[in-house]
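> Curious how this folds, go ahead:
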Amino acid sequence: MILDPASVPERQAYRLMISAFIPRPIAFVSTVSRDGVDNCAPFSYSMGVSSHPMVLGVSVGDREARPKDTARNILDTREFVVNLVTEEIAEKMNLASGDYA
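Modelled structure (predicted):
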């Protein structure tokens, strides 16, 4: 398949990129804001970058031209936890993907 990236709509490009690497674990990222507000959000766009040193990449996009809470919290506090989703918590993780602002 030959694809011109400039001609692919943003949403379609996202779907293509996340489906290109299967299976992929979902990174369930938990952060705390400067004000102490807990935040958990799932990200399907994550990957192992290096094993030495151990580096995991998670792509956190913007929402309506503003950083998502996860990105803002990480930039403010420099702390976050990446949890891998198991079958037992998959449904609850899916609930966390909603917009609660």
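
> okay, residue 20: pLDDT?
Here the pLDDT value assigned to residue 20 is 64.

> ugh, wrong one, I meant residue 13
For residue 13, the predicted pLDDT is 81.

> please begin residue numbering at 37 from this point
I'll keep to 37 as the first residue from here, and by that count the last item is residue 49.

> If you tally nearby residues, what's the number for the closest residue to it other than its chain neighbours?
In space, and not counting its chain neighbours, residue 49 is closest to residue 41: 7.0 Å by Cβ to Cβ, 6 or more residues apart in numbering. No exception for glycine: its C-beta is placed from N, CA and C like everyone else's. Number of residues near residue 41 (other Cβ atoms under 10 Å) recorded here: 7.

> what do you get for residue 104?
Per other Cβ under 10 Å, the neighbour tally for residue 104 reads 19.

> Can you pull up the most central residue in this protein?
residue 79 (2.5 Å; Cα atoms, centre = their mean).

> Excluding covalently adjacent residues, which one is nearest to that one?
Nearest-residue entry for residue 79: residue 63, 4.7 Å, with adjacent residues in sequence omitted and distances by Cβ to Cβ, 6+ apart.

> Identify the residues contacting the residue nearest to the centre of the chain.
By Cβ atoms under 8 Å, 6 or more residues apart in numbering, residue 79 lies in contact with 62, 63, 64, 65, 94, 95, 96, 106.

> again, but for residue 98
104, 107.

> Could I get the phi/psi values of it?
Main-chain torsions, residue 98, degrees, to the nearest 10: phi -90, psi 160.

> cool, residue 78 as well?
Main-chain dihedrals, residue 78, degrees, to the nearest 10: phi -90, psi 140.

> For it, list each beta-bridge partner.
Beta-bridge partners recorded for residue 78 (DSSP bridges): residue 64.

> and it, how many neighbours?
18.

> Tell me the spacing between it and residue 96.
To residue 96, residue 78 is 11 Å away according to Cβ to Cβ, to the nearest Å.

> Find the residues that touch each one of these two.
Shared contacts of residue 78 and residue 96 (Cβ under 8 Å, 6+ apart): residue 65.

> pLDDT below threshold where in the protein?
For the chain, the stretches flagged by pLDDT under 70 are 37, 56-58, 137.
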